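# This is the structure alone, sequence omitted:
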């Protein structure tokens, strides 16, 4: 085999590598959790989110989060209607979304974690208690 054949084989190998990487990136694109579909709308409504975060600080309403072997226990100070999003950074197909009202007199939110993958999760908890909206974001490890 002469040097010209080696150069052509090297170029073909490199082009195949690039084509394979492009196909892989298109395959993974739909599962990327770092890209939000409605980020323009979220940018426009940022003041609402900011005020909800400030309400948590001003009212000293940070939820108490406890991770046990079988579940995630979130305790709020007052009864509330909530919307909880647990997002997995590595795969958006694993995301968990829950809505409901707090349970019991201790105002618990219980999440079964038996089917959730281990590792880091983004916790995004929005709730309404009384006439005020609250927003709390935190990274948790399972």
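Nice, I can see it. Remember, predicted model here, so these are calculated numbers, not experimental data.

# Check which helices and strands the helix or strand that residue 83 is a member of sits against.
Assigned by DSSP states H and E, residue 83 belongs to strand 81-87. Packing partners of strand 81-87 (3 or more Cβ pairs under 8 Å, 6 or more residues apart in numbering; DSSP states H and E): strand 96-101, strand 108-112, strand 120-129. Where you see a C-beta, it was placed from the backbone N, CA and C, and this is true even at glycine.

# Need the ones you listed in CSV (columns: distance to residue 50, mean neighbour count and mean pLDDT).
Output for these, formatted as CSV (distance: least, Cβ to Cβ, whole Å; neighbours: other Cβ atoms under 10 Å; pLDDT from 0 to 100):
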stretch, distance to residue 50, mean neighbour count, mean pLDDT
strand 96-101, 22, 12, 88
strand 108-112, 23, 15, 87
strand 120-129, 13, 18, 90
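
# picking that back up, list the neighbouring strands of the strand holding residue 83 plus their orientation.
Strand pairing for strand 81-87, using DSSP bridges, gives strand 96-101 (antiparallel), strand 120-129 (antiparallel).

# Pipe the helices and strands packed on strand 81-87 into TSV and attach distance to residue 44 per row.
Below are the helices and strands packed on strand 81-87 laid out as TSV (distance: least, Cβ to Cβ, whole Å):
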stretch	distance to residue 44
strand 96-101	22
strand 108-112	29
strand 120-129	17
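
# Am I right that residue 89 falls within a helix?
No - going by DSSP: H, G, I helix; E, B strand; the rest coil, the assignment for residue 89 is coil, not a helix.

# For the protein, just list every one of the helices.
Ranges of helices in the chain, per DSSP state H, are 3-29, 39-44, 46-58.

# roughly how far out does the longest one sit from the chain middle?
In other words, helix 3-29. Its chain's C-alpha centre and that of helix 3-29 lie 34 Å apart, by Cα atoms, centre = their mean, to the nearest Å.

# Thanks a lot, see you next time.
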